[in-house]
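*Asks:* Sequence plus predicted model, see below.
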Amino acid sequence: MDFYTGSPTRAGRDCAICHVDGSGDAEITLESVPDQLFLDGEFVPEMQYTISVRFSGETRGLSAAGNFNAFALEIIDGGGGSGGDFSRYAPADLALVDNGRVLVGRAFPGVDSWEFEWTAPDEATSYVDLHLSGVDGNGANLSQFIASDPYHDDVITIGMRLAQKSLDVPPLEIPNLGPASPRERDVGCSSHPWSKNGTPVPGNFVFLCVALFALGRVRRGA
């Protein structure tokens, strides 16, 4: 199984490789303490940040018996290696996969937010790239019983570059989208919403992008 974050290590594939035909209305908010991580797009080497991921504009599955949401997050350095470390998360809610490279928000009915800590890399790393792909599931649009399928779920994919404090680095280039850096956005707080624009199967079927031999798509919301 693979977990598609939209990063170069996943060949740019995100959760849209499985989850299709969403409305494009969902949003994800990233917040950090200290807040400069997403406010300024900067990190202090070896500092610990408490990060929260939240579906702030959830629209799918609100009336379904199984309102499943989930995400996969990867932070990589300039060479494609792991950029920092994840820790202090609830194992019931989050899991590390792919030898600790990817943090996955588990899909449970009604859960729409997760919290964990990330320790920034040391001063030898000038920047890292955060890649996150999330699914706002519609619970197969069924209110009679808990189910999930890959149809009409919203997919939100984020790509952003986080630079070591006081260093100038080139912006992250996402294929077909051009520069994507928090330094280029008019942001006034540390809370940033992002958005993009069948037969039901019980449980969490293909909910976090089972590996398929197909091309994925990279999207970043405005």
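*Replies:* Cool, got the structure.
*Asks:* Is the residue most central in space within the chain bridged to anything, and to what?
*Replies:* Among the residues of the chain, the smallest C-alpha distance to the mean C-alpha position (Cα atoms, centre = their mean) belongs to L132, namely 2.4 Å. Taking DSSP bridges, one finds L73, I158 as the beta-bridge partners of L132.
*Asks:* isn't it right next to F71, touching?
*Replies:* Yes - counting by Cβ atoms under 8 Å, L132 sits close enough to F71 to count as a contact (5.8 Å). For glycine as for every other residue, the C-beta is placed from the backbone atoms N, C-alpha and C.
*Asks:* list the residues that contact both of the two?
*Replies:* By Cβ atoms under 8 Å, 6 or more residues apart in numbering, L132 and F71 have these common neighbours: 28, 53.
*Asks:* Next, the buried residues of stretch 47-55.
*Replies:* Neighbour-count burial for stretch 47-55, with 16 or more other Cβ atoms under 10 Å as criterion, is recorded at 48-49, 51, 53-55.
*Asks:* what about the residue lying closest to P8 once chain neighbours are set aside, which helix or strand?
*Replies:* Taking Cβ to Cβ, 6 or more residues apart in numbering, and ignoring the residues beside it in sequence, P8 has G80 as its nearest neighbour in space, at 6.4 Å. Using DSSP states H and E, G80 falls within no helix or strand.
*Asks:* Run a quick neighbour tally on G80.
*Replies:* G80 is surrounded by 12 other residues when neighbours are defined as other Cβ atoms under 10 Å.
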